[in-house]
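Asks: sequence and predicted structure, then a few things I'm wondering about:
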There are 2 protein chains.
Amino acid sequence: MEILQEVKSRVYKFGDKSADGNSTMKNLLGGKGANLAEMSLIGIPVPPGFTITTEVCTEYNLLGKDTVVNLIKREVEESIENIETLMGTKFGDKKNPLLISVRSGARVSMPGMMDTVLNLGMNDEVVLGLAKKTNNQQFAWDSYRRFIQMYGGVVLGMKPASKDDIDPFEEIMENLKEKRGIELDTEFTIQDLKDLVFDFKAAVKKRTGNDFPTNPWDQLWGAIIAVFNSWNGDRAVYYRAMNGYPAEWGTAVNVQAMVYGNMGENSGTGVCFTRDAGTGENVFNGEYLINAQGEDVVAGVRTPQQITKLGSKRWAELAKVEEVDRIENYPSLEELMPSIFNELNTYQDILEKHYRDMQDMEFTMQDGKLWILQTRNGKRTGAAMVKIAMDLLKEGMIDEKEALLMVEPNKLDELLHPIFDANALKSANVIAQGLPASPGAATGKIVFFADEAAKYKNSILVRIETSPEDLEGMNIAKGILTARGGMTSHAAVVARGMGKCCISGAGALKINYKRRILMVDGIEYHDGDWISLNGSTGNIIEGKVATMEPELSGEFAELMKLSNKYAVMKVRTNADSPKDARIARTFGAQGIGLTRTEHMFFDIDRIKAMREMILANTVKGRKLALEDLLPMQREDFEGIFEAMQGLPVTIRLLDPPLHEFVPHQLATQKDLADEMHISLQAVKNKVAELEEFNPMLGHRGCRLGNTYPEITEMQSRAIIEAALNLKERGIICKPEIMIPLVGTVKEFEAQEKIVRATAKGIFKERNETVEYFVGTMIEVPRAALMADKIAEKADFFSFGTNDLTQMTFGYSRDDAGKFLPIYIEKGILKNDPFEILDQEGVGQLVKMATERGRNTKPNLKVGICGEHGGEPSSVEFCYNSGMDYVSCSPFRVPIARLVSAQATIKSIQ
Amino acid sequence: MEILQEVKSRVYKFGDKSADGNSTMKNLLGGKGANLAEMSLIGIPVPPGFTITTEVCTEYNLLGKDTVVNLIKREVEESIENIETLMGTKFGDKKNPLLISVRSGARVSMPGMMDTVLNLGMNDEVVLGLAKKTNNQQFAWDSYRRFIQMYGGVVLGMKPASKDDIDPFEEIMENLKEKRGIELDTEFTIQDLKDLVFDFKAAVKKRTGNDFPTNPWDQLWGAIIAVFNSWNGDRAVYYRAMNGYPAEWGTAVNVQAMVYGNMGENSGTGVCFTRDAGTGENVFNGEYLINAQGEDVVAGVRTPQQITKLGSKRWAELAKVEEVDRIENYPSLEELMPSIFNELNTYQDILEKHYRDMQDMEFTMQDGKLWILQTRNGKRTGAAMVKIAMDLLKEGMIDEKEALLMVEPNKLDELLHPIFDANALKSANVIAQGLPASPGAATGKIVFFADEAAKYKNSILVRIETSPEDLEGMNIAKGILTARGGMTSHAAVVARGMGKCCISGAGALKINYKRRILMVDGIEYHDGDWISLNGSTGNIIEGKVATMEPELSGEFAELMKLSNKYAVMKVRTNADSPKDARIARTFGAQGIGLTRTEHMFFDIDRIKAMREMILANTVKGRKLALEDLLPMQREDFEGIFEAMQGLPVTIRLLDPPLHEFVPHQLATQKDLADEMHISLQAVKNKVAELEEFNPMLGHRGCRLGNTYPEITEMQSRAIIEAALNLKERGIICKPEIMIPLVGTVKEFEAQEKIVRATAKGIFKERNETVEYFVGTMIEVPRAALMADKIAEKADFFSFGTNDLTQMTFGYSRDDAGKFLPIYIEKGILKNDPFEILDQEGVGQLVKMATERGRNTKPNLKVGICGEHGGEPSSVEFCYNSGMDYVSCSPFRVPIARLVSAQATIKSIQ
């Protein structure tokens, strides 16, 4: 066979600051193998080992076990010898044993693959050698016990027999615990561990019919073959299919010497960071423990010590530890083992410079020798992410594009909202959890009704769910908490728009409006009780927790400036009030992409006129009521135009079904009847008449304007007159009037005609003009299909991807909570399509409409104003679809600006 | 100029059984002009005249009035002379005047164009001549008055000044009527008419500043130019734009001699048909009046007489007129004027043979001379249409393809449902009208509750609206009447499916369930009162009206046989029960395209198990309830398979939201709680939990099957076991299992997996297999977009165009009644897209999905099972989109079969 005749390396060694491979060889060595080689190459002391290439896996699948073992036997043996030489130990030796780990490693990380086998090379004799060498019988036997357990499970198939069964080894351990009356694994005595090893081996014999392999070489080959087999295991195959990875890739096998940090006072283990992961400060920091294993650091039984002297002193101050005590009991590594510290310090510097990013490293000292086990780009807070990126740029380690790409856009959100004081949070009692619907922290007194939100200086509005009538109260409250509704419920959407903390869908809450009581787990909270919400995590906290306002640090401003330098696609904001518009402008919004005019109608004076309009049964009656609304709308628009002066402002004409505006409570219905001098029955009839089976697909959007043209007329008048009024004051306005829910060309034409006729009339009345545009939402699938025709008339398109997603999927946002979570859990959907734009399906319509529209009108302005306009992957998609701008809620503007810059950079790379 | 130099005819004469043009010259002479020429050419005596070509209209638009008048002056004068010669009268002559008509006439009929001007050539002197000649001053002055009115309005612009004003001539007439204390135009005296002529002329002078033209030649040129101008009038331009007709077409001008049937006892007028328009019988028939004008026949003041002796005798029998009286007062034309009758009889024969279809002709006898004014294909009933087409085919006048194309598919519907006895209908009192939701006639006693439908032998179910719970009662009732809901409401859709008469949305009805009263215009009808419905017209009739069962005549069967000979695309039916399936088979259905399984759950025994399933909170509980449903479903399927043996049967898995199945009335909720031994509150909670904001976009379709896989499992089992049971009995079943509301590939895969696993299990259990297919509905826009991927898995596609229309337009069928009628009235939509498939928008998705699906799987079976599957234009679209079949309600099957044949014929022509 051809493959047999080729002369090539199948096994790549690493260790002793050299390696056969390097980081470019991921396809051959897998990600893990290539990285180990790279680290070794650049002089980092990684425990020596070797990688069997992915090609061998493919050969194994073609040729079978025996042939492949023959093919690599010599190389594997040589490589083990190499480890033995470097470590000064011997594989299978009774006194000075080399123990190794075996891991799988494909070119991409694959959760479906084989787990690690540690401590391979162990048997009844080796365990004694290890006990003697470490002077720790407990450790040695526990390692043996764990080895059999891991090897048995991973290599010998000692898995639960069925889904309902428990792990066969766990069963043995549970039985022993019961017999011995203990609860924790750590309570096992040495004798217990010996018994377990005995019983485990017996279980293997019973289940597999074979003795547990005592020969280390048998163990090693068994593990290697198990890794190869895992490539075609059910989970891996499923994962590959899901991600479209070909079976030909194969997996590599990584074999590496074990090192131990628990071999006495000259050993230890730790974790360190090249910069501060919380603040981004450029200080080396980390924690370690002497005579300990990695898990001891994590377990928190012993207090870890700081790596640097500076860190140690800072820690002591916070922990209120006296300096004498600190030096005695908690010395830094810098003080305790200066030479090891210096070595570590050198490596951290090398690694950060090499990977050009903040590193998170694990290390072990075995008997005075430092080993670096792993390094990776460190996780960090949003603030740290921004600072590190800007610092690395200033230090010349990365360029502008790299700095921009280094920042994860969603993380910026953390920087823009109030947060809880970290110390105050320590004693917080989380009473329930909901969906993190709108980020930030809020603390205040409970109110149950929107019109009582002003009752306390700081209030939290607690509702089963909110409705448009609650808008004013939501604006006043510090935070909003609802028992029902998803991430895209009314409360969630409005709160995000306001940049206000909100938790939605907290199902554990029982709310009784009548008694004004919130019940959680049988405990009652009353109107006026303090409660705190973490909108970034969904945690609901009992009592008052101090919050801190966000500080937009210098680095944040630098990042935004840099984003603007690269961003081609503009970022506008969705804003319904001058206040929102001003906030968005400070965040760098380049105009307004969506002003919803309906929110303006919910103010107390306005809702009255609105209701009169709706209840009028004649055009004349409606016009009278609309005349009352005209000056108020005009004033709104003047405020928004002023806040956005010089920048374009897109105003959407009335969109929601009228049913949302009429009163649904008897008392309010009575009041309205009295005010209008009509019967209560007449009000009730109208409310009933407006009710719809599927309001989302009902009488709304331009269907209102086309059945009641006088509404469109009034709104157009308000917009144009506002613009002219400002023009008189020397303020430049760029109104863009947007027709919602258009599905046919004629629907648009009919509305456009009214807008243009109204404007023409006003221009004539005032002998003055202002430039304005008339465009349309693309939110009904049919509009996307007819985009070529619609573009003949429309000046611009703005994608309403919320509705477009609803109609393209046939999902009601308000109801999808019944099946979406199950769909995501079962993998039927990868994401909630209301959060992350479905590029595969809905995206086709977005692309189609943009292309068709531009075919008709090459310079057609195209944007998006749905919720997706602030979601990073969706914003990137918008750029790739050729949009001129995205529009999002004010607090998402910085995120969108960054993504816009990143998308440009990616597209030119 | 080039045009001026060309030597060509601009005016085409016709008359005296000859003509310059013919019927092929529609583009040049317009439709009307070409037809007049054709009639004259084949020897029919049409009043002589001429046509100014459409090219002259274009020249007029380019060159203006003076040039064009010069261009055609000589030809027009010659043509008038020709008319004078043929008629023996003279244009403008005081004693023997020629009067003419002037009409527009484009190549297609255009309602936006100029109306006719009659009696042109009239003035103060001519009127006296006409009076003398006809010996009828009243007629002459009335003709003059009408001429000024028509000419003034059409040529001189004497129109209402604004929309709110009335016509200036009408105003004068109203004033005179008031002054004279009369009400009708016919009450004017000769003096009144003279006064009107005087006043009319004064009004023209006042408004236009000019005298009314008295010179006939001035009148003629004025009218010709007015016709040319009307081509660019607002209404014509709008109509052209709407239909995409180019401005270059232009309009012709037709000038023709006036003839009068009221010139004495030797004159007359009539209408006749070459065959019976009611039955299709091949007998010449018609009506006439001596010394009368066309409008007298229509007005019904005098009783018209029959043309033929046979017809006259038949009429006398029905009208109970003695033979002596008949001969004396109502002789047939055949008896009264045998030579004229013979001439007419010859012409009708020539015309039918020439146009190869039943003709509807108008004729006038002036002073013993017969003139044919018009002939056209006659309107006819559905029965006559079928008989005439089949007869013409047998007579060899047309071929099979022509016979098929001659039948208007929708008209077949008349033949398939009961109809009212025509005589019984004469005294019917129509009390209100609703939408003709499902055709046919029904008479019965009123019931207000579905479960009382069996109370009377013949009952009519009267509801505000119906719900799925009413299904059984709807099936029992003879007809269904609802006060709310449109053509696609629940009642309408279900009734059409059952072939049951239904009137929906009769807004004038007030229904009080409590008092069991139906109120219309203040009159009360009670439970048990007789009422009759005409589902074909929407008429609601008081009392009992005799009905007749339809008779599927021999010609109908012949037509269907012929359809099958040509139809390529198959026609299946939507049927939920063995009964429906059998009916559809007798109508020629070639399989079932949609069996809705949910209707089966509404039977009293089943709904209980269904509700228990829904109320169960565990998989185990649901499975228990489903076990009860399994045998019932299996039995249903066995019945349907048996009825359709040998033909494919597509069964759709559970589709509607579960909310439709739970009880909404307190009493029923209590019963359910008792039966299930749970609290009433638990039932109420579940009902509330299932409620949705937009159920259409909610938890339904495969979202149910994917959240409750056990439902899919039970239904699959019922289908497969039913098929195997029949196989044992030697009956061939072809089950096609259809997954509803699929939007993503994974949704389909997950369901398909359950179906196939269940089938596999059963095959193993029974050691026997049956072939089955698993396919999907394409009804969510996203499914159409993802069709290439879905086709990798699905065996077939079936378009659910009801839902696809809802989601593509964003219209809820149940709510669209609020704006659809206004949209259609305003021309924003041409049709209700739920009745007639929107080929422009929704059609794009249908074509896209078919193409993409077939790209993946070239032999993918594709069909449609939405309501559109029985609508002729939509069925034709389905054929043109390449579908394998359409599926429609049983009573639409014959229509779809005919359209399928017609579509094939059209595509190969």
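Replies: Good, I have the coordinates. Source: prediction; values computed, not measured.

Asks: hang on, residue A:684 packs against residue A:669?
Replies: Yes - taking contacts as Cβ atoms under 8 Å, residue A:684 lies within contact range of residue A:669: 6.3 Å. Using the backbone N, CA and C atoms, a C-beta is placed for each residue, glycine as well.

Asks: those two - which one has more neighbours?
Replies: residue A:669 (20 against 15; other Cβ atoms under 10 Å in any protein chain shown).

Asks: so the more buried one is in which element?
Replies: helix A:666-676 (DSSP states H and E).

Asks: which strands and helices lie in contact with that helix?
Replies: Under the contact definition 3 or more Cβ pairs under 8 Å, 6 or more residues apart in numbering or on different chains; DSSP states H and E, helix A:666-676 sits against helix A:604-615, helix A:680-690.

Asks: how about the longest one: buried residues?
Replies: Read that as helix A:604-615. Judged by neighbour count using 16 or more other Cβ atoms under 10 Å in any protein chain shown, the buried positions of helix A:604-615 are A:606, A:607, A:608, A:609, A:610, A:611, A:612, A:613, A:614, A:615.

Asks: same question for the shortest one.
Replies: By neighbour count with 16+ other Cβ under 10 Å, helix A:680-690 contains the buried residues A:683, A:686, A:687, A:690.

Asks: follow-up on the earlier one: got TSV for the buried residues of helix A:604-615, with distance to residue A:718 and pLDDT too?
Replies: Below are the buried residues of helix A:604-615 laid out as TSV (distance: Cβ to Cβ, whole Å; pLDDT from 0 to 100):
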residue	distance to residue A:718	pLDDT
A:606	12	85
A:607	17	87
A:608	17	87
A:609	13	88
A:610	14	90
A:611	18	91
A:612	17	89
A:613	14	90
A:614	18	90
A:615	21	89
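
Asks: related to what we said a few turns ago, buried residues in the helix holding residue A:669?
Replies: For helix A:666-676, by 16+ other Cβ under 10 Å, it's A:669, A:671, A:672, A:673, A:676.

Asks: and that helix, average pLDDT?
Replies: For helix A:666-676, the mean pLDDT works out to 89.

Asks: off-centre distance for that helix?
Replies: 47 Å (Cα atoms, centre = their mean, to the nearest Å).

Asks: related to what we said a few turns ago, which one among the buried residues of helix A:604-615 gets closest to chain B?
Replies: residue A:614 (13.0 Å; Cβ to the nearest Cβ).

Asks: what about the closest residue to that closest one other than its chain neighbours, distance to residue A:887?
Replies: Excluding the flanking residues, the one nearest residue A:614 by Cβ to Cβ, 6 or more residues apart in numbering or on different chains is residue A:658, at 5.0 Å. Distance of residue A:658 to residue A:887, given as Cβ to Cβ, to the nearest Å: 26 Å.

Asks: comparing those two, which residue is more hemmed in?
Replies: Neighbour count, other Cβ under 10 Å: between residue A:658 and residue A:887, residue A:887 has more, with 30 against 25.

Asks: can you pull the contacts of that one?
Replies: A:571-574, A:591-594, A:650, A:798, A:863-865, A:869 (Cβ atoms under 8 Å, 6 or more residues apart in numbering or on different chains).

Asks: any idea what it is bridged to?
Replies: residue A:572 (DSSP bridges).

Asks: pretty sure residue A:799 sits against residue A:775.
Replies: No - in this structure residue A:799 lies outside contact range of residue A:775 using Cβ under 8 Å: 11.4 Å.

Asks: domain ranges for chain A?
Replies: A:11-257, A:268-380, A:418-548, A:567-657+A:692-908 (the TED database).

Asks: let me know the secondary structure of the closest residue to residue A:592 other than its chain neighbours.
Replies: Leaving aside its sequence neighbours, residue A:592 sits nearest to residue A:649 (Cβ to Cβ, 6+ apart; 4.4 Å). Three-state call for residue A:649 (DSSP: H, G, I helix; E, B strand; the rest coil): strand.

Asks: what of residue A:287?
Replies: Going by three-state DSSP: residue A:287 is strand.

Asks: per-residue confidence at the closest residue to it other than its chain neighbours?
Replies: Among residues not flanking residue A:287 along the chain, residue A:304 sits closest, at 3.7 Å (Cβ to Cβ, 6+ apart). pLDDT recorded at residue A:304 is 85.

Asks: mind listing what residue A:304 touches?
Replies: Taking Cβ under 8 Å, 6+ apart as the test, what residue A:304 contacts is A:270, A:287, A:288, A:289, A:297.

Asks: just among those residues, which is most surrounded?
Replies: Result: residue A:288 is most packed of those (other Cβ under 10 Å), 26 neighbours.

Asks: that one bridge partners, please.
Replies: residue A:270, residue A:305.

Asks: other residues contacting the longest helix along chain A?
Replies: Ordering each helix of chain A by length in residues (DSSP state H) puts helix A:619-643 first. Residues outside helix A:619-643 that contact it (Cβ under 8 Å, 6+ apart): A:575, A:577-578, A:581-582, A:585, A:592, A:595, A:597, A:600-601, A:603, A:605-606, A:609-610, A:612-613, A:616, A:649, A:651, A:708, A:710-711, A:713-715, A:717-719, A:721-723, A:725-726, A:731, A:733, A:735.

Asks: I'm done for today, thanks for sticking with me.
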